[in-house]
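1. Provided below are the primary sequence and the corresponding predicted coordinates.
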Amino acid sequence: MCGIIGMVAKSPVNQALYDGLTVLQHRGQDAAGILTSDEERLFLRKENGLVKDVFHTRHMRQLMGNMGIGHVRYPTAGCDSSAEAQPFYVNAPFGIAMGHNGNLTNVDELRAAVVAEDRRHLNTNSDSEVLLNVFAHELGAIAGARPSADDVFAAITNVHRRARGAYAVIGLIAGEGVFAFRDPRGIRPVCYGKRETEHGTEYMIASESVAIEAGEFELVRDLAPGEAIFISREGEVTLRQCADDPQYASCIFEYVYLARPDSIIDDVSVYRARMRMGEMLAEKIQREWAHHDIDVVIPIPDTSRTAALEIAVNLNLKYREGFVKNRYIARTFIMPGQAKRKRSVRQKLNAIDLEFRGKNVLLVDDSIVRGTTSSEIIRMAREAGAKKVFMASAAPAVRYPNVYGIDMPAADEFVAHNRDVDAIRDAIGADDLIYQDLEDLKEAVRQGNPTLNEFDCSCFTGDYVTNDIDTAYLDNLASSRADSERDKANGAAGASRRSRDIVSVGLYNDQ
Ligand SMILES: O=P(O)(O)OC[C@H]1O[C@H](OP(=O)(O)OP(=O)(O)O)[C@H](O)[C@@H]1O
Ligand SMILES: NC(=O)CC[C@H](N)C(=O)O
Ligand SMILES: [Mg+2]
């Protein structure tokens, strides 16, 4: 997942976009970018790093104009070079920029067609650059001297016909307006809001409602799967369904881990959904461990807190914050490279011994993926003197790769790969282990919006909602993006940048 944001306002948008990106930082920590537009020109700043490190005062001053878009990146395609930071920009037609959250599953085929048939140039390995060029080609083929909302929607309709996979997109056409669209399954989220000012109505589009609220906008609604929005520079809003067969199958992992708890996605409060995950897991613990001897429930901060508290309440047990989180260490799961992730768990969490000594503790996490966090934390709990360490996961076992924008490319990196629950318990070193059932997880989300009857649960089931993923695809993904391969690719990209002092091709502002 990445975070995307866009604004059309009556005054400069640079600060509001920056603030919005800081609220979306949990969706991507590798790179950040903002592109703005005044009547004539575009201004872009993007670089590797956290939002606070990428934008300095001198950059902010240059990001002029009353509309713009922004992006925080968590790479799932290409490499983590700054050349692949977003938004991407193409000159023709009209000057278009785009930020993308998701991952295309037919990128190789699209890349070939974009180059050979659409005769466009691609300069990186990013799937998002391909998507932008598909859109640009389609818009160029349709639009007249200036693009209308109808032209933008017609181009998006054609993008839906050509692209496969997950794509939540916010884009900008120089001097014209901001657009956004969501893939026909609505795998990744996009919503929009508005606010009234003395100069007129202003709009914000974002991955999560928390950015809209934090910017003091009022949430209007989510885009539906396949739906698109165009907001002209003057603030005229048009929405249109652009997909031939739209159908909700949004990513359930957004509710488990990716999104902030204070967001509302597709009318479901992420916080309430996590509470229900806790309630349902507590019921399963009652059922399966009827004679348990747990003394205390301890969350593994941050994301599991909401579910863990409900488990404690429903089991009538004490809830204790036995781990202190270092607030200066970011999310570990979305860090690139296993070595870095492993090191960071220890730097990030520290046990308070008195909550563990002589006790039987139930540690709760939202999910167990590679098992990096749980293995380390269980070891820490034992070092702190715990008698028995039980482990509960608010999501089912993650066994299959994600191809829709979460960087989980290789099944054999997962601790649950080829292991049953007992073997996973032994691998992470717990005395016992319990997972949420998938039906309960779905129910925990669905209770917030009963119209959501399908979800993308592929990392738990291996069923991919776009129906285009086969073993050959997964094998190829695993061999090209496994941690070991990626470290090599990123090393090579870094070396070539250093040795040749390469400058990325892009958009240049006055310095
Ligand atoms: O089994 P693993 O591969 O370790 O992945 C799962 C862990 O990673 C995430 O935490 P993270 O530290 O990224 O973020 P958080 O602070 O939001 O919980 C998630 O909440 C689990 O704790
Ligand atoms: N996590 C994402 O949404 C990634 C977007 C895009 N595939 C990239 O790698 O930049
Ligand atoms: Mg965590």
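-> Noted; the coordinates are in hand. Ligands and ions are numbered 1, 2, ... in the order given.
2. lowest-pLDDT helix or strand in the chain?
-> For the chain, using mean pLDDT, DSSP states H and E, the weakest element among its helices and strands is helix 483-500, scoring a mean of 56.
3. What parts of the chain come near ligand 2?
-> Where the chain comes near ligand 2, counting by C-beta under 6 Å from any ligand atom, the residues are 1-2, 73-78, 84, 100-103, 126-128, 405. Using the backbone N, CA and C atoms, a C-beta is placed for each residue, glycine as well.
4. and ligand 1, which of those contact it?
-> By C-beta under 6 Å from any ligand atom, no member of the residues of the chain next to ligand 2 lies near ligand 1.
5. among those residues, which are in helices?
-> Per DSSP state H, helices hold the following members of those: 127-128.
6. Buried ones among the residues of the chain next to ligand 2?
-> With neighbours counted using 16 or more other C-beta atoms under 10 Å, these contain these buried positions: 1-2, 73-78, 84, 100-103, 126-128, 405.
7. Which members of these are positioned in strands?
-> 73, 100-103 (DSSP state E).
8. Columns distance to His199 and pLDDT on top of these, output as CSV?
-> Formatted as CSV, these follow (distance: C-beta to C-beta, whole Å; pLDDT from 0 to 100):
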residue, distance to His199, pLDDT
Arg73, 33, 96
His100, 31, 98
Asn101, 30, 98
Gly102, 34, 97
Asn103, 39, 96
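9. Let me have those in CSV, adding distance to His291 as columns.
-> Converted to CSV, these look like this (distance: C-beta to C-beta, whole Å):
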residue, distance to His291
Arg73, 48
His100, 51
Asn101, 46
Gly102, 46
Asn103, 45
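10. Cys285 sits in which helix or strand?
-> Slight slip there: residue 285 is Ile, not Cys. helix 270-288 (DSSP states H and E).
11. Could you point out the helix or strand that follows that helix?
-> That would be, after helix 270-288 and using DSSP H and E, strand 296-299.
12. Partner strands of that following strand, with direction?
-> strand 318-319 (parallel), strand 360-365 (parallel) (DSSP bridges).
13. buried ones in the last one?
-> Taking 16+ other C-beta under 10 Å as the basis for neighbour counts, the residues of strand 360-365 that come out buried are 360-365.
14. In JSON lines, list those along with distance to Gly200.
-> Shown next, in JSON lines, are the buried residues of strand 360-365 (distance: C-beta to C-beta, whole Å):
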{"residue": "Asn360", "distance to Gly200": "61"}
{"residue": "Val361", "distance to Gly200": "56"}
{"residue": "Leu362", "distance to Gly200": "54"}
{"residue": "Leu363", "distance to Gly200": "52"}
{"residue": "Val364", "distance to Gly200": "48"}
{"residue": "Asp365", "distance to Gly200": "47"}
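15. mind showing which ranges of this structure have poor pLDDT?
-> For the chain, applying pLDDT under 70 flags the ranges 484-505, 509-511.
16. Domain ranges for it, per the record?
-> Listed domain ranges for the chain are 2-247, 269-326+346-450 (source: the TED database).
17. from the chain's centre, how far out does the first one sit?
-> Looking back up the chat, that one is domain 2-247. With C-alpha atoms, centre = their mean, to the nearest Å as the basis, domain 2-247 stands 14 Å off its chain's centre.
18. now the shortest one
-> Averaging C-alpha positions (C-alpha atoms, centre = their mean) puts domain 269-326+346-450 21 Å from its chain's average.
19. Contacts for stretch 86-97 next, please.
-> Contacting residues not belonging to stretch 86-97 are listed as 2, 31, 33-35, 42, 44, 46, 69-71, 73, 98-100, 120, 126, 128-129, 132-133, 135-136, 139-140, 143, 146-147, 171-176, 506-507 [C-beta atoms under 8 Å, 6 or more residues apart in numbering].
20. Which of those residues fall within helices?
-> Per DSSP H, the contacts of stretch 86-97 map to helices at 128-129, 132-133, 135-136, 139-140.
21. For those, which single residue is the most surrounded?
-> Ser128 (29 neighbours; other C-beta atoms under 10 Å).
22. List the contacts of that residue.
-> Counted by C-beta under 8 Å, 6+ apart, Ser128 has contacts 77, 84, 86, 88, 98-100.
23. How about the contacts made by the closest residue to it other than its chain neighbours?
-> Excluding its sequence neighbours, the residue lying closest to Ser128 (C-beta to C-beta, 6 or more residues apart in numbering) is His100, at 3.8 Å. Counting by C-beta under 8 Å, 6+ apart, His100 touches 2, 4, 71, 86, 127-128, 131-132, 167-169.
24. Since that was my last question, I'll sign off now.
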